[in-house]
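In: 3D model of this:
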Amino acid sequence: MQNLRTTLPLGLFDASRAIQSGELTAADYLSQCAAIADALEPSLHAFVSRMPLKALLAELPAKDGAFKGIPIGVKDLVATKDLPTTNGSAIYVDQMLSHDAPIVTRIRQLGGAVFGKTVTTEFAWRGPGLTVNPCNSLHTPGGSSSGSAAAVAAGILPLALGTQTVGSVIRPAAYCGIVGFKASFGAVPRQDVFPFSSSLDHVGFLTRSVDDAAFAFNLLRNTTTDEHDSIVLPAVAMDQDSGLTPSTSPRLAMLKTPFDDRLTDEQKQVMAQTIEKLRAAGAVVEEFSLPEVYWTGIDALFCLLESEGGAVHEEHVKLFPERVTQHIKDLVTHGKLRGAMEYLYARNLQKKLRAEFTQVLKSYDAILTVPATGAAPEGLGSTGDPVFCALWSFLGVPALTLPVSTNKQGLPLGVQLVAPYRQDATLLRIGKWAELNLKAAH
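Out: Numbering: from 1, shown residues only. Take a look at the predicted model:
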């Protein structure tokens, strides 16, 4: 076993402030992060490819903006013009694109350094890469945003882009002991991100604090509705020195789910301790159950995922059967078995439940639940069970995970907060309040 976490450099919000004020030079910060990558990457395997530090430093004089000097990881599904975009697949192992995805263009416009392409599972589905958990190298970092979570947790990056179709931002963030934020469906640009399921795909952020997640969201959120299914949410109010203003003591719905028997004793204990600490800090935390119809949403999610994902990959299986894993072949097979009426029912259910969720949760500010069944499983053959993230991806509502503890093996355990559609600012302020009070309670 190897613990690959190191002394962490400044996080995103603090580093940006320090560079903008002149307290820290962009070159020094980039060099510090690159040195950590050089030391850890041979064991961590978080990156498919990296830009040489010399090239990043050479670009600095011409750059300005809130991300100047900030190294950012880009999940290897997101188009970049200067590094390969492999989609985690043997089919695209040498693919060089001539353009950046709009979200990458925005990163560059803000002065950010595209530090490297982070490892994803094959097409963001099953089939893990080589990335290990930086807290314990014998365990998975989660997936599909494996490299993004590991690189942020190890201290290499203050921000990395991930994607989530079922649980691929929240779960790896929880497994690696960092903050993961999946905004409302359509709030963050998805253009030129290799698709899995167009009605479920989200781009999310992996950071080391809630302030960092909010800062990234403010700078990278959609500002037009040019993309299909896009929405525009306002920036979240942040003080330039203190960051987000935390919420006042929130009302939290502690969710009971049909899957609670899958929770480890460690995860149950951490949730109970978290509830006790939040109540002591002034939160109202009450047991809560969703209407039964919501749990049918998980079956509907897999209908959408298999139908849309199967259509995406049918040609891959036909043309390159030897270059795709059985996971992708099974996805296509299952997709072909889904009928049009079943698909349309799932889409209609998704829209209906998303619209009704605000009213269902009217007595509370957010849901408090778990991000995963427990700590990261041992081994790299599986990226873990995403069931505690699935419903929120189906509904397209904002979700945030916070690290709160570790087990005897040094593996992180966290909690997840969820709010209704478009209530991202509320969720982030509650997350900041919880983060502050859970830290104070240690």
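In: just the strands in the protein please.
Out: Assigned by DSSP state E, the chain shows strands spanning 47-50, 71-75, 113-118, 159-164, 179-182, 202-207, 238-239, 243-244, 251-256, 284-289, 366-369, 399-406, 412-418.
In: got a list of what the nearest residue to residue 109 once chain neighbours are set aside touches?
Out: The shortest distance from residue 109 to any non-neighbouring residue, by C-beta to C-beta, 6 or more residues apart in numbering, is to residue 65 (6.6 Å). For every residue, glycine as well, the C-beta is placed using N, CA and C. Going by C-beta atoms under 8 Å, 6 or more residues apart in numbering, residue 65 touches 109-112.
In: got the contact list for residue 176?
Out: 133-135, 141-142, 149-150, 152-153, 376, 412 are the contacts of residue 176 under C-beta under 8 Å, 6+ apart.
In: quick one: it and residue 427, what's the gap?
Out: Separation of residue 176 from residue 427 (C-beta to C-beta, to the nearest Å): 21 Å.
In: show me what contacts residue 132?
Out: Residue 132 touches 2, 4, 43-45, 138-141, 150, 380, counting by C-beta under 8 Å, 6+ apart.
In: Also residue 46?
Out: Taking C-beta under 8 Å, 6+ apart, we find residue 46 in contact with 73, 118-119, 131, 146-148, 150-151, 154, 156.
In: Tell me how far residue 414 lies from residue 254.
Out: Separation of residue 414 from residue 254 (C-beta to C-beta): 15 Å.
In: Those two: who's more crowded?
Out: residue 414 (28 against 17; other C-beta atoms under 10 Å).
In: so what's that one bridging to?
Out: Under DSSP bridges, the beta-bridge partners of residue 414 are residue 403.
In: I'd like to know how many residues surround residue 99.
Out: Per other C-beta under 10 Å, the neighbour tally for residue 99 reads 11.
In: excluding its backbone neighbours, what's nearest it?
Out: Using C-beta to C-beta, 6+ apart and skipping residues adjacent in sequence, the residue nearest residue 99 is residue 81, 5.6 Å away.
In: I'd assumed residue 101 was in contact with the one you found.
Out: No: Residue 81 lies out of contact with residue 101 (C-beta atoms under 8 Å); the separation is 9.6 Å.
In: More neighbours: which of these two?
Out: Neighbour count, other C-beta under 10 Å: between residue 81 and residue 101, residue 101 has more, with 24 against 15.
In: right, and the more buried one touches residue 193 too?
Out: Yes: counting by C-beta under 8 Å, residue 101 does reach residue 193; the two are 5.9 Å apart.
In: what residues are shared contacts of the two?
Out: 78-79.
In: Which parts of the stretch 51-200 of the chain are helices?
Out: Using DSSP state H, counting those that start in this stretch, the helices of the stretch 51-200 of the chain run over 53-59, 102-109, 146-153, 170-176.
In: Would you mind saying which of the ones you listed lies nearest residue 367?
Out: Closest of the helices of the stretch 51-200 of the chain to residue 367 is helix 170-176, at 12.9 Å (criterion: C-beta to C-beta).
In: Show me how far that closest one is from its chain's centre.
Out: Distance, stretch centre to chain centre, for helix 170-176: 8 Å (C-alpha atoms, centre = their mean, to the nearest Å).
In: for stretch 290-310, same thing?
Out: Chain-centre distance of stretch 290-310: 20 Å, with C-alpha atoms, centre = their mean.
In: Only the buried residues of it, if you could.
Out: Going by neighbour count (16 or more other C-beta atoms under 10 Å), the buried part of stretch 290-310 is 290, 294, 297-298, 300-310.
In: cool, and stretch 121-139?
Out: Neighbour counts over stretch 121-139 (16+ other C-beta under 10 Å) mark 121-129, 131-137, 139 as buried.
In: Who wins on neighbours among the contacts of residue 132?
Out: residue 150 (37 neighbours).
In: mind checking pLDDT for it?
Out: pLDDT for residue 150: 98.
In: One more: residue 406?
Out: In this prediction, residue 406 carries a pLDDT score of 95.
In: Excluding sequence neighbours, find me the nearest residue to it.
Out: Among residues not flanking residue 406 along the chain, residue 412 sits closest, at 5.4 Å (C-beta to C-beta, 6+ apart).
In: start to end distance for stretch 276-292?
Out: Start-to-end span of stretch 276-292 (C-alpha to C-alpha, to the nearest Å) is 27 Å.
In: List of residues touching that stretch?
Out: 249-256, 275, 360, 364, 367-368, 434, 437-438, 440-441.
In: distance of the spatially closest residue to residue 155 that is not a sequence neighbour from residue 212?
Out: Counting by C-beta to C-beta, 6+ apart, residue 8 is the residue found nearest to residue 155 once chain neighbours are left out, at 4.2 Å. When C-beta to C-beta is the yardstick, residue 8 and residue 212 sit 12 Å from each other.
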